[in-house]
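S.K.: Here is the input, now give the coordinates:
(one chain, ligands or ions: 1)
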Amino acid sequence: MVNWTNFDALDSYQALKNVQAVDVRKVMSGESGAKRVKNYSVPMAEKMAYNFAAKAVDDDILAVLQKVSDEAELTEKYEELYNGAIINTGEKRLVLHQLCRGQLGKDVVVDGVNKREFYQAQQDRIAKFANDVHAGKIVNGKGEKFTTVVQIGIGGSDLGPRALYLALENWAKTNHTLKMQAAFISNVDPDDASAVLNNIDVEHALFIVVSKSGTTLETLTNAAFVEDALKKAGVDPSKHMLACTSETSPLANNDKFLDSFYMDDYIGGRYSSSSAVGCCVLSLAFGPEVFARLMAGAHAADETAKEKDILKNPALLDALIGVYERNFLGYATTAVLPYSQALSRFPAHLQQLDMESNGKSVNRFGKKVDYVTGPIIFGEPGTNGQHSFYQLLHQGKTIVPLQFIGFKDSQIGNDVVIEGSTSQKKLDANVAAQIVAFACGKDDENPNKNFDGGRPSSIIIGQQLNPESLGALLAHFENKVMFQGFVWNINSFDQEGVQLGKVLAKRVLAHDTDGALAVYSDLLEI
Ligand SMILES: O=P(O)(O)OC[C@H]1O[C@](O)(CO)[C@@H](O)[C@@H]1O
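M.R.: The predicted model follows:
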């Protein structure tokens, strides 16, 4: 059995307090910088690498971070998780999303059901369904093929699958495996559903209602909105709508749907891209083989996350450096900066993943913790961000650790040499230049043009964004967030903080309001 101890009760916490701080500007300048770029790189799954040369760490600090990992039993806790312990203490649930993508340890059997087999069986059912749709065996009321798939869901039932779809859409077109166009409806704003419906051919569209709980206001409202639109278009909704939910939800086993696919309570919404939640839309859009490749990449990263040596375990190392920055260097935010347009919604997915998981003030036992926990996450693809918020990142009063992501090859492969370089080369040159500019700065007599530098960053580099590397990237961040939650001794797998607003909105709609709530609902005349 592992020990669940608050971070500040560890000996290694005290040791971290006493380490000699590293001056990023100094160590990244000249030959020392070149050495660090070469040496401070850890291989990741799917031939990617995590390079942390421009982070404020050195061999001494890394040695203490290894002690944190050992003392807090981080990999042992991961082992407990994938072997089926009740890691989600708040909801008394197991945490099994990794099992969707492969067997990591022992069989996990709950109420006589082998969970790996259950998740695999759902993937197999979805694969058959998707293949039948693609082959024209499952068709619309007029006997015609479906061409579009629309996911209706919100939060984890939207962000991850949407980010993954966008990440692979151009890759799939280039590799002739885009089987259906996908669209997403999430917001209860009627303009969201209307705009999607206006842009597609509803007669040839399949709609997946995705909600683990089957009770989310936005999703149920949007499902009814779509149903209404289908009826108005003279289309039978039961031939066009699917459900993806848990077997105990109000949406389960419902004749309203053409078919239903299941996940369960042991997979948190923000971790559900690997379950039926991501599998349905991605298998319909790209084919089941592509989804299987995505899962293979994620599984490879899950295997790497078992390593006890932090220099062989990029997710663990990334997590520990982040904790050091958060708790000892006092950095409150992290920017996710993919130099890849395909990853345009990946920062939004990571925002939910990280902030909903680790935005907590109490430990696993409900006791307040005396240290800060999860950072604020935001981000945009480069180079666009450079012309937006990088001013603050370079010269603002707040130091923001930066998480770059970059690839050597583009996905589409169409490029032009303009003034001596391709666009891909320009993209890569920009990310390299930014890392050095942030780290080393530039002295100038004019204070307005002076760059202090000393701004830490890391980069994940891969050859190309494809299903395998994307899967590994997804799992890397899930595992990073998990390890950080373990260090902070918090429960990263519940989200009580989102409940209060939902309850108050229901009260406004029921006119059961008082105090400030009454004033605000009057103001909006609800
Ligand atoms: O899949 P469901 O049950 O509709 O939940 C959607 C989302 O809502 C949340 O519970 C937050 O409100 C997320 O954690 C979840 O991803």
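S.K.: CA atoms for contacts and neighbours, from now on please.
M.R.: Will do.
S.K.: Wait, Val416 touches Thr422, no?
M.R.: Yes. With contact defined as CA atoms under 8 Å, Val416 counts as touching Thr422 (5.2 Å).
S.K.: hey, where'd the helices end up in the stretch 401-526 of the chain?
M.R.: 423-440, 467-488, 499-509, 515-523 (DSSP state H, counting those that start in this stretch).
S.K.: and the first one, how far from the chain's centre?
M.R.: Using CA atoms, centre = their mean, to the nearest Å, the mean C-alpha position of helix 423-440 is found 24 Å from that of the whole chain.
S.K.: For it, the averaged confidence score.
M.R.: For helix 423-440, mean pLDDT rounds to 98.
S.K.: Which positions in it come out as buried?
M.R.: By 16 or more other CA atoms under 10 Å, the buried positions in helix 423-440 come out as Gln424, Leu427, Asp428, Val431, Gln434, Ile435, Val436, Ala437, Phe438, Ala439, Cys440.
S.K.: Which strands or helices does that helix pack on?
M.R.: In terms of contacts (3 or more CA pairs under 8 Å, 6 or more residues apart in numbering; DSSP states H and E), helix 423-440 is packed against helix 24-27, strand 333-339, strand 402-407, strand 457-462.
S.K.: again, 6 Å this time
M.R.: The contact analysis (3 or more CA pairs under 6 Å, 6 or more residues apart in numbering; DSSP states H and E) places helix 423-440 against helix 24-27.
S.K.: Residues of the protein that sit close to the ligand?
M.R.: Applying CA under 6 Å from any ligand atom, we find that the chain lies next to the ligand at Ile154, Gly155, Gly156, Ser157, Ser211, Lys212, Ser213, Gly214, Thr216, Gly269, Arg270, Val498.
S.K.: List only buried entries from the residues you listed.
M.R.: Judged by 16+ other CA under 10 Å, buried ones among the residues of the chain next to the ligand: Ile154, Gly155, Gly156, Ser157, Ser211, Lys212, Ser213, Gly214, Gly269, Arg270.
S.K.: Tell me how many other residues crowd the nearest residue to the first one once chain neighbours are set aside.
M.R.: If I follow you right, that is Ile154. When the adjacent residues along the chain are set aside, Ile154 lies closest to Ser186, with 4.8 Å between them (CA to CA, 6 or more residues apart in numbering). Here the number of neighbours of Ser186 (other CA atoms under 10 Å) works out to 18.
S.K.: what's the pLDDT at Ser186?
M.R.: Per the predicted model, pLDDT is 98 at Ser186.
S.K.: Run through the residues that contact it.
M.R.: Residues in contact with Ser186 (CA atoms under 6 Å, 6 or more residues apart in numbering) are Ile152, Gly153, Ile154.
S.K.: try 10 Å
M.R.: Counting by CA atoms under 10 Å, 6 or more residues apart in numbering, Ser186 touches 151-155, 157-159, 192-193, 218-219, 222.
S.K.: Closest one to the ligand out of those, please.
M.R.: Gly155 (4.0 Å; CA to the nearest ligand atom).
S.K.: Next, the contact list for that closest one, please.
M.R.: So Gly155 contacts Ser186, Asn187, Ser211, Gly269, Arg270, Ala348, His349, Gln352, Leu353, Glu356 (CA under 10 Å, 6+ apart).
S.K.: mind redoing it with 8 Å?
M.R.: Gly155 sits next to Ser186, Gly269, Arg270, Gln352 when contact means CA atoms under 8 Å, 6 or more residues apart in numbering.
S.K.: Wait, the last one touches Arg270, no?
M.R.: Put plainly, it is Gln352. Yes. At 6.7 Å, Gln352 counts as touching Arg270 under the criterion of CA under 8 Å.
S.K.: Between the two, which contacts overlap?
M.R.: Joint contacts of Gln352 and Arg270 (CA under 8 Å, 6+ apart) are Gly155, Gly156.
S.K.: Pick out the residue of the stretch 401-526 of the chain closest to the ligand.
M.R.: In the stretch 401-526 of the chain, the residue that lies nearest the ligand is Val498 (5.3 Å; CA to the nearest ligand atom).
S.K.: Check what pLDDT that residue gets.
M.R.: 94.
S.K.: For stretch 114-129, list the C-alpha coordinates in CSV.
M.R.: The C-alpha trace of stretch 114-129 is given here as CSV (Å, rounded to 0.1, in the frame of the first residue of the first chain):
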residue,chain,number,x,y,z
ASN,A,114,-13.4,-7.3,-16.8
LYS,A,115,-13.1,-3.6,-17.5
ARG,A,116,-10.5,-3.8,-20.2
GLU,A,117,-12.7,-6.3,-22.1
PHE,A,118,-15.7,-4.0,-21.6
TYR,A,119,-13.9,-1.0,-23.1
GLN,A,120,-12.5,-3.1,-25.9
ALA,A,121,-16.0,-4.6,-26.7
GLN,A,122,-17.4,-1.0,-27.0
GLN,A,123,-14.5,-0.1,-29.4
ASP,A,124,-15.3,-3.2,-31.4
ARG,A,125,-19.0,-2.4,-31.6
ILE,A,126,-18.2,1.2,-32.7
ALA,A,127,-15.7,-0.1,-35.3
LYS,A,128,-18.4,-2.4,-36.8
PHE,A,129,-21.0,0.4,-36.7
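S.K.: Buried residues of that stretch, list them for me.
M.R.: Applying a neighbour-count criterion of 16+ other CA under 10 Å, one finds Lys115, Arg116, Glu117, Phe118, Tyr119, Gln120, Gln122, Gln123, Arg125, Ile126, Ala127, Phe129 buried in stretch 114-129.
S.K.: before we move on, back to that, considering the contacts of Gly155, which is situated nearest to the ligand?
M.R.: Nearest member of the contacts of Gly155 to the ligand, counting by CA to the nearest ligand atom, is Gly269, at 3.7 Å.
S.K.: isn't that closest one right up against Asp158?
M.R.: No. Taking contacts as CA under 8 Å, Gly269 lies outside contact range of Asp158: 9.1 Å.
S.K.: one step back: ok, of the buried ones among the residues of the chain next to the ligand, which one's closest to Gly471?
M.R.: Closest approach between those and Gly471, by CA to CA: Arg270, at 14.7 Å.
S.K.: which residue packs closest to that closest one, ignoring adjacent ones?
M.R.: Arg270 sits nearest to Gly156 (CA to CA, 6+ apart), 4.1 Å away.
S.K.: List phi and psi for the one you found.
M.R.: Main-chain torsions, Gly156, degrees, to the nearest 10: phi -60, psi -20.
S.K.: For Glu445, give its distance to Gln351.
M.R.: Remark: distance between Glu445 and Gln351 (CA to CA, to the nearest Å) = 39 Å.
S.K.: Compare those two and say which is more crowded by neighbours.
M.R.: Using other CA under 10 Å, the more surrounded residue of Glu445 and Gln351 is Gln351, with 22 against 7.
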